[in-house]
Structures are given as structure tokens and as C-alpha cells.
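**Q** return a 3D structure for these sequence lines:
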Amino acid sequence: MNPVFHRAAALCFGALAALSADLAQSQTAAPATTEPKTITFASGLSAPWGMAFLPDGRMLVTQKSGQLRMVSADGKTISAPLAGLPSVVDSGQGGMLGVAIDPDFSSEAWVYVSFSEADPSGSAKSGTAVFRGRLQGNALVDGKVIFRMNEKVASNGHFGSRIVFARDKTMFVTLGDRQSRSERGKAQRLDSHHGKVVRLNRDGSVPRDNPYVLKPVKGALPEIWSYGHRNPQGAAIHPTTGELWVNEHGPQGGDEINIARATKNYGWPEISWGCEYGTSPVETCVWSGGTGRAGMEQPVTYWRPESIAPSGMVFYTGEKVPQWRGSLFMGAMSGNEGGRRLWRITLNGDTVAKREPLLAKLNERIRDVAQSPDGWLYVLVDSGKILRVER
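**A** Okay, here's the model as predicted:
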């Protein structure tokens, strides 16, 4: 067959496959039957990025410029920035980013933050790092960087940066591909942290039962859990299965939710449901490598043709809104259709049964989503507010 004709036929088939898949995706989307209401819980934050509840209902919130602040349990008081934090590179998507508390916080009081760390040589390069300190008054003491990407890049994008704890109290950290065309292929390489999820002990050491410790692969970094991710900015542990779910930003379209399983390859940048930026028309464009390949995982669900810019997410397990129990809630930030929403994902096992875009009238970039100890759902928005979501 003429190679030019073969290429054209392949692209045509790919476009038809993508359109067929889009139709299947649209069948899982539905408008909310009853729009939730929001109540302003706290305001006055500056460029917030991540939040985590303490057992007593207080909340820790990161501010991208480099601060960690405490919000009182009633939302009326926001502390001065806590002391003891590391310096950050506050540029582009970088800054003080994810935050999580230790599973044994009541006795250990460890707090973990991810951030964009400068190159100590003074170059313009940076990389994702994780810092741990013990909360004591209005400071983190005994602080130490316990993890850093093995290679810094001259880019201010795609840091990933969500931190979540598994049931066994090991820690997952999501890492982006660093938004560089020349570097993004490293998402497929096991000797690089680019485009990975890593699994660590709470002190930053490597668990002895990590997949590449139990079954070493030449050159593979032992902390790697899964690979082939683009920019995973949301992560949550499934309350029933205990598995790690992550979302990630696609290029132009192709935002995904995946179940991040040990040693699995999620395809980036070899395959994608999105397109290179600037490709037109986005409704029919096809990634140069296609949307699927043997040995590479397919997402649980995805968005196309436009990106919604997914952010923090959480499985709802509370009692305040019983009909939400078991649903996955995820923020979105883009100005496209479906962005600036709170998405409710209803599941049937590992399959998406329905997708509901909520809070459209709010018109806020939702940066993070969390459940409080008493069972309410909260969202953190770029304008500096924390909102409680109610039925």
C-alpha cells in the first residue's frame, strides 16, 4: 500500500475512533438534577493551592507564593504564615503546592508539603520536592526535605504535587513531566522521575515492597510506582479498594482519570486522547501516536475535545449528604466548557456510571476538594475562599 495513503487511512480511522469514543463519553455525562449550594467558610487567602484538615477541624492551606496558613475550625480566623517552611520557586505553576498530614498526626504531628525547589547551583532550573516538619504552635519544626526529583528542568510548569497516604501509611506523590517537549519523553523512562507516581515511606525512604524493589528492572528507580503520566494534579485513595486514583491534565483536550497501579504505563507522551496545542479543529484531531497501544493503560474516563484542567479530588464518605457517598469529587479550572466546575463522578465498581458538572454559576477555578472530619465537602478556589458544599 502507498505509505501516504496508509498514513491518511490511519488518521481517518483514528478520527472516527475518537469521535465514537467521544459519543460514549458524552453518554456518561449528565446535568445535576439538584444544584448544590455553597456557603463561604473562610476568605482572605492569597493564591491558595492545597488544603488538608487536621483531626480537630482546623485546616492547613498552602499559598503558592510560599506560605502555609492555618484556618480555624469555625473558619473565622486565618493564621499568619507558619514558620519553618522551605523557600520555593514561585513562578508559573510552581510554588508551595500540595499538603497532607501524617496518618498518625494525633501522636506524630508531621505535616508534608510539596513545592517547586530551586536548583542549588543558581540556574533557572527547578523540580518538585517534598518537605516534612512537625507542627508545633505556629511553626513546622525538625523540618527536612525528604524527597526531590532526580533532575531539575528549566521550566515553570507541570510539577504534579499531590500527596496522599495509602492504607498502609506509605505515601504517594504525583510528579509531572515538567512541560518541556524536549523532556517529556522521560515520562516513559524508569530512570527519571518525570511523569511518575512515586511511593515512599513517611521519612522519604523507599518501601521494601515497592514493585521495582521486589522485581528490579535495570535502571529503574526503586521509588517509582507508575509512569507515563503528564501532569497529575489530583489524587485520592478509593475508600473500598484502597487503590490510588489520579487525574491528569491532557495537552489540548484529553484530561484523564486513571487508577494508578503498580508498574503500569499510562501512555504519555506516546498516546493521548488530546492533541498538540494549536491543532485545529480540536473536535476531530488525533494524537500523532494514536489513542491506544498494547501495554499502555486506558483512562477510566477522559474529556475531549476541550480541556477542563482537573485539580484536587476526593472520594466522599461522609454522612452529611448520603446520596453522595462513594462518589468521586474533582475540581476543574479551565475556562472551557466543563471547566470551573465541581465534577461529581458516580461509579459502578471501577466504571464511570455518570458525570455531573456542578457549581457552574459559581464561575470559580476550583483548586482543591476535601472532606472535613465531620463529613462536609469543601472546595478551595483561586480567588482565596474556602466554600462548604451543601444540598
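**Q** surely Met51 forms part of a helix?
**A** No: according to DSSP: H, G, I helix; E, B strand; the rest coil, the state of Met51 is strand, so it is not within a helix.
**Q** was I right about it contacting Val381?
**A** No: between Met51 and Val381 there is no contact, the gap being 10.8 Å when judged by C-beta atoms under 8 Å. C-beta: built from backbone N, CA, C; applies to glycine.
**Q** quick one: distance of stretch 54-74 to the chain centre.
**A** 19 Å (C-alpha atoms, centre = their mean, to the nearest Å).
**Q** quick one: mean pLDDT for it?
**A** When pLDDT is averaged over stretch 54-74, the result is 98.
**Q** buried stuff in it?
**A** Residues 54, 58-64, 66-71 are the ones in stretch 54-74 that count as buried (16 or more other C-beta atoms under 10 Å).
**Q** quick one, strands of the stretch 1-150 of the chain?
**A** 37-42, 48-53, 59-63, 67-71, 96-101, 110-118, 126-136, 139-148 (DSSP state E, counting those that start in this stretch).
**Q** Glu256 in helix, strand or coil?
**A** Of the three states, Glu256 takes strand under three-state DSSP.
**Q** is it true that it touches Ile271?
**A** No: at 10.9 Å, Glu256 and Ile271 do not qualify as touching, with contact defined as C-beta under 8 Å.
**Q** looking at those two, which is more packed in?
**A** Between Glu256 and Ile271, counted using other C-beta atoms under 10 Å, the more crowded position is Glu256 (27 against 20).
**Q** so what's the more buried one bridging to?
**A** Glu248, Tyr302 (DSSP bridges).
**Q** who touches Ser79 in this structure?
**A** 69-71, 138 (C-beta atoms under 8 Å, 6 or more residues apart in numbering).
**Q** max pairwise distance over the residues you listed: which two?
**A** Val71 and Asn138 (12.9 Å; C-beta to C-beta).
**Q** can you give me the buried ones in stretch 172-184?
**A** Buried, per 16+ other C-beta under 10 Å, within stretch 172-184: 172-179, 183-184.
**Q** and the residues you listed, which is closest to Lys125?
**A** Top of the list for closeness to Lys125, among the buried residues of stretch 172-184 and by C-beta to C-beta, is Arg178 at 9.6 Å.
**Q** the buried residues of stretch 172-184 into a markdown table, with extra columns for secondary structure and distance to Val99?
**A** Listed next are the buried residues of stretch 172-184 as a markdown table, based on DSSP: H, G, I helix; E, B strand; the rest coil; distance: C-beta to C-beta, whole Å:
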| residue | secondary structure | distance to Val99 |
| --- | --- | --- |
| Phe172 | strand | 14 |
| Val173 | strand | 12 |
| Thr174 | strand | 13 |
| Leu175 | coil | 16 |
| Gly176 | coil | 17 |
| Asp177 | coil | 22 |
| Arg178 | coil | 21 |
| Gln179 | coil | 22 |
| Glu183 | coil | 26 |
| Arg184 | helix | 27 |
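**Q** closest to Thr301 among those residues?
**A** Thr174 (17.8 Å).
**Q** separation between that closest one and Lys186?
**A** Distance of Thr174 to Lys186, computed by C-beta to C-beta, to the nearest Å: 15 Å.
**Q** now Arg304
**A** Taken as C-beta to C-beta, the span from Arg304 to Lys186 is 25 Å.
**Q** the two: which is more packed in?
**A** With neighbours defined as other C-beta under 10 Å, Arg304 and Lys186 compare such that Arg304 has more, 25 against 21.
**Q** not counting its neighbours along the chain, what's nearest the more buried one?
**A** By the measure of C-beta to C-beta, 6 or more residues apart in numbering, the closest residue to Arg304 outside its immediate chain neighbours is Gly253, 3.9 Å from it.
**Q** and the one you found, backbone torsions?
**A** Taking degrees, to the nearest 10, you get phi 80, psi 180 for the backbone angles of Gly253.
**Q** ok, it touching Trp273?
**A** Yes: between Gly253 and Trp273 there is a contact under C-beta under 8 Å: 6.6 Å.
**Q** what residues are up against Trp287?
**A** With contacts defined as C-beta under 8 Å, 6+ apart, Trp287 is in contact with 251, 254, 271-276.
**Q** just the buried residues from these, in ChimeraX please.
**A** A single ChimeraX command selects the buried members of the contacts of Trp287 (16+ other C-beta under 10 Å):
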select :251,254,271,272,273,274,275
